[in-house]
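Asks: Sharing a model prediction with you, sequence too.
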Amino acid sequence: MILNTIDRKQILRLIQLCLLAILITANSCEEDRVQPKPPSSSKNKILPLGASRVEGARPDFESYRYELWKLLRADDWDFDYVGTQTDEADYEDLAEAEFDRDHEGRGGWKT
């Protein structure tokens, strides 16, 4: 049996190298490199998390994020959408406030 010829240290080293290879591969496969965003100063942070319905693809289909943002702004909520993704679509401002485009929607991802 192959396990008889390989000692435990070699097995652990092989596992470490495999995990390192997985981490390097996963890191190099990121869709796009993003610059870190400044920390949020808001007490209320909302992370819109999910797949394509969170991400949105205007004008083909809307994300719920814009409608929720309008409702919360209309009720004077102090909040900040957070996430590493930024929506580049055009949205109407509301009472001179610009739509917060941050989210963590990833189209095509499955759980």
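Replies: It's in. Numbering: from 1, shown residues only.
Asks: Quickly note the distance from the residue nearest to Asp93 when sequence neighbours are not counted to Thr84.
Replies: Take Asp93 and drop its neighbours on the chain: the residue closest to it by CB to CB, 6 or more residues apart in numbering is Phe99, 7.1 Å away. C-beta: built from backbone N, CA, C; applies to glycine. Taken as CB to CB, to the nearest Å, the spacing of Phe99 relative to Thr84 amounts to 17 Å.
Asks: Break this structure into its domains for me.
Replies: 1-30, 45-105 (automatic domain parsing).
Asks: Determine which of the ones you listed approaches Lys37 most closely.
Replies: Proximity of these to Lys37 was assessed by CB to CB; the nearest stretch is domain 45-105, lying at 7.0 Å.
Asks: Distance across that closest one, terminal residue to terminal residue?
Replies: Counting by CA to CA, to the nearest Å, you get 16 Å between the two ends of domain 45-105.
Asks: low pLDDT regions in the chain?
Replies: For the chain, residues meeting the criterion pLDDT under 70 lie at 1-6, 18-35, 110-111.
Asks: could you redo the last one with a cut-off of 90?
Replies: Applying pLDDT under 90 to the chain flags residues 1-43, 49-64, 84-97, 104-111.
Asks: quick one: the helices in this protein?
Replies: Shown for the chain, the helices assigned by DSSP state H span residues 2-5, 8-28, 52-55, 64-74.
Asks: so who does the closest residue to Ser41 other than its chain neighbours touch?
Replies: The shortest distance from Ser41 to any residue that is not its chain neighbour, by CB to CB, 6+ apart, is 7.8 Å, and that residue is Asp80. For Asp80, the contact set (CB atoms under 8 Å, 6 or more residues apart in numbering) comprises Ser40, Ser41, Ser42, Asn44, Lys45, Ile46, Asp100, Asp102.
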